[in-house]
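> Okay, sequence plus prediction incoming.
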Amino acid sequence: MTTTATHCPYCALQCAMTLAPDRPDEAGAGVSVAGRDFPTNNGRLCRKGFSAPELLASRQRITAPLLRGDDGGFHEAGWDEVLDLLAGKIAATRAEHGPDAIAVFGAGGLTNEKAYQLGKFARLALGTRLIDYNGRFCMSSAAAAGNRSFGLDRGLPFPLTDLREASAILMLGSNVADTMPPFVQHLEAARAAGGLIVVDPRGSATASLTDDAGGLHLQPAPGTDLELLLGLAHVVLTEDLADLDYLAERTSGLPALRRTLAPWWPERTEQVTGVPAAQIRRAAHHLGNAARQARDAVVRGEAPAKVFVLTGRGVEQHVGGTDTTTAAVNLALLLGLPGTLGGGFGTLTGQGNGQGGREHGQKSDQLPGYRRIDDPAARAHVAAAWGVDEPLIPGPGIPAAQLLYSLGGSNGGTLPDGAPGPRVLMVHGSNVAVSAPDSHRVIAGLRRLDFLVVADFFLSETAAEADLVLPVLQWAEEEGTMTSLEGRILRRRRALTPPPGARDELWIMAELARRLDAPGTYSTDAREVFDELRAASAGGPADYSGVDYADLDAGRAVYWPFPAAEHDGAAAPAAHNPPPAPAAPDENALGTPRLFLERFAHPDGLAKLVPVRPAPAPPGDAAGLRRPGGGGSHPDGDPSALALTVITGRLLEHYQSGAQTRRTGELLAAAPEARAEIHPATAAQLGLEDGGWIELRNNQGVVVVRCRYSAAMRTDAVFVPFHYPGAGSVNRLVTGATDPISSMPAFKNALVTARAGTDP
Ligand code: SF4
């Protein structure tokens, strides 16, 4: 039997798996899957990974282009017909309204090759500056904080397996036990040491890992993570737990930080967050003592029991998410962790290629290699790699939410500057009708467009709105690379033949570019595209120039940055190779498994301690809902209603908008609909039985779902998963407000009025 070594199509853990198609040359043939031994998953898969092959043979698969007809329905059409039509629409729209009348929306699930090519295609073939992607909803606050504090953003700047040697881990706003279950094995050492500290307003599956192991679950009021971090940092700094030598040698900005932390003594922090002062002290002392023991061990030349601070979307998806993540970085720096062998700071990327997807030019403000698009030197380098004159590369565009709200220039959609918005939109790998904030507004924008093109393999809720749907390949039918949450580049390999009507997006871009007589070249071969990506990234922050398919195919661990000059076929040279480390993940690793061991990426080599302060109460929070006791009040004195904060998130069974997992039989059967997790006491105030209908309403929209009792939920909040469309589509309730630095929407704290509902 022919087997293919590849990786899971879903989350950023990128679990290694082996596929064994029944008949590799036959599209739609059955495929069996097994977990493969690999450092991050050790042969394990979650139920999403095990069931992923079902979709390869799904009868819901789109196998021919779908063109909307005059009757309003879709009709199958030939590829030449639809590509000629689309190229004609683009050319005519561009001629009449300018290149920014066309926009592109990409995704963090695309391979590195496709993400790179999409950025190039948008800017050169379409000539538009309007490209952004759904990773803006995922990692933008973490990326902004990493760049601000360290001068470089890589989710985990150390191998994930380092966590296995931890005696203490502070995990904020991440529920890995549901979102990436094989990750939990890496928490076991910290858990066994009683050092797992989880921060989450919700009693999540990850929070419950602390129940029987002496760890801590800190349950702040929604939206008060920043204040909690300030309180933890205050204790570290004032109770002799900070690493002052490290702070003096490796950071800048301590005096200013010290001033902003001064008011956050634990009792005041408790008043704001609801987390008891004793728990704040206990957490800070556990982290501080563990960090001290780790650095003492390093000095003695012993293997340290490491200490980590990790963040996830729970603290990042807020207006102010960049500042909150920065506060977490500050805490890690006070403890002396980043860039040492004693631990570190990291953010846990969610989407499959959430890391690589943000490095190669899909972001509105970036070019390949994680370069800024407004940097003249970066523009000149990339223009040379693309073989075009630098002025041909447009300037910065606008971030994802603003782009989606501006759609439909001929029907009233406007850009933030008041100019008409785009008239044609191409969507690749994203289901924005479900996953974007203020989804009613997004759907209205999609419907204002002159022409919407969606490349997908299923008729997602976004594709259902399209004028043209282009059927593309699934993960097991394509070649390419992905970059996992630890910055390791992995090979995605073709295991079976795609349906005859489906096409690779590289081919689609090449065909359109040819029809548009576009500048530049557009290869249809993933390896050729990757070689071009290597050249375009050379010298940039995310330098892939030393990475090649041969090393990846040989199973070598390759982490960026990996400049070509360091590729000598052996281990990386000393500049990027850590000193002999007790926990080397793979002594043959290439590139940079551990960042910042010698210096941070700012010009002075230091990490920045950036003072951050809580923002004033956000609009709509006049009642102080995010303060203990604030939530749960009766709006307008109505005894049948409660003011609550809605926290959105993911379930074990589903991935992102659910466009794939809702089509997987066992996953849909296990979690067929959205349910609002609510504290029984809150439910009782609303007169709700367990399983009864609850209505959540605000200015953005209304959601009606069944409720599920959870005694581990705070009484001032409900949790609703965002995988579902229709009446349970919780992103209807999320406002369009975004973080001023990262443009991250505030998915985690929609304010609503809750009351008992009826079956929608
Ligand atoms: Fe692994 Fe994530 Fe896939 Fe589950 S969904 S098998 S955790 S990569």
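Perfect, I can see it now.

> what's the spacing between Leu124 and the ligand?
For Leu124, the distance to the ligand (C-beta to the nearest ligand atom, to the nearest Å) stands at 33 Å. C-beta coordinates here come from the backbone N, C-alpha and C atoms, glycine included.

> which one is Phe150 nearest to, not counting chain neighbours?
In space, and not counting its chain neighbours, Phe150 is closest to Phe600: 5.0 Å by C-beta to C-beta, 6 or more residues apart in numbering.

> What of Tyr10?
Computed as C-beta to C-beta, 6+ apart, the closest residue to Tyr10 that is not its neighbour in sequence is Tyr655, at 4.7 Å.

> Can you get me a residue count around that neighbour?
Applying other C-beta atoms under 10 Å, we find 26 residues neighbouring Tyr655.

> Could you pull up the residues touching it?
Contact analysis of Tyr655 by C-beta atoms under 8 Å, 6 or more residues apart in numbering lists 10-11, 48, 661, 723.

> same thing but at 10 Å, please
By C-beta atoms under 10 Å, 6 or more residues apart in numbering, Tyr655 lies in contact with 8-11, 48-49, 52, 109, 179, 350-352, 661-662, 664, 667, 723.

> Any chance of the backbone angles for it?
Backbone torsions for Tyr655, taken as degrees, to the nearest 10, come to phi -120, psi 130.

> Tell me how far it lies from the ligand.
Relative to the ligand, Tyr655 is positioned 6 Å away (C-beta to the nearest ligand atom).

> What separation is there between the residue of the chain found nearest the ligand and Ile489?
Closest contact between the chain and the ligand, by C-beta to the nearest ligand atom, is at Gly49 (2.4 Å). Distance, Gly49 to Ile489, by C-beta to C-beta, to the nearest Å: 20 Å.

> domains for this structure, by residue range?
As recorded under automatic domain parsing, the domains making up the chain are 4-57, 66-138+373-478+489-556, 141-348, 635-756.

> out of the ones you listed, which comes closest to Ala615?
domain 141-348 (5.0 Å; C-beta to C-beta).

> centre of the chain versus that closest one, how much separation?
Centre-to-centre, domain 141-348 and its host chain are 19 Å apart (C-alpha atoms, centre = their mean, to the nearest Å).

> Can that domain be said to contact the ligand?
Yes. If you take C-beta under 6 Å from any ligand atom as the test, domain 141-348 does meet the ligand, through 180-182.

> can you pick the most crowded of those residues?
Neighbour counts for the residues of domain 141-348 next to the ligand, by other C-beta under 10 Å, peak at Met180, which reaches 28 neighbours.

> Just to check, that residue is in contact with Leu13?
Yes. Under the criterion of C-beta atoms under 10 Å, Met180 makes contact with Leu13 at 4.3 Å.

> what is in contact with those two at once?
Jointly contacting Met180 and Leu13 under the rule C-beta under 10 Å, 6+ apart are 40-41, 46, 49, 348-350, 485.

> residues in this structure within reach of the ligand, list them.
Checking the chain against the ligand by C-beta under 6 Å from any ligand atom, the hits are 8, 10-11, 13-15, 41, 45-46, 48-49, 180-182.

> list the buried ones in the top helix by length along the chain?
The residue-count maximum for a helix in the chain (DSSP state H) belongs to helix 277-299. Neighbour counts using 16 or more other C-beta atoms under 10 Å place 277, 279-284, 286-288, 290-295, 297-298 of helix 277-299 among the buried residues.
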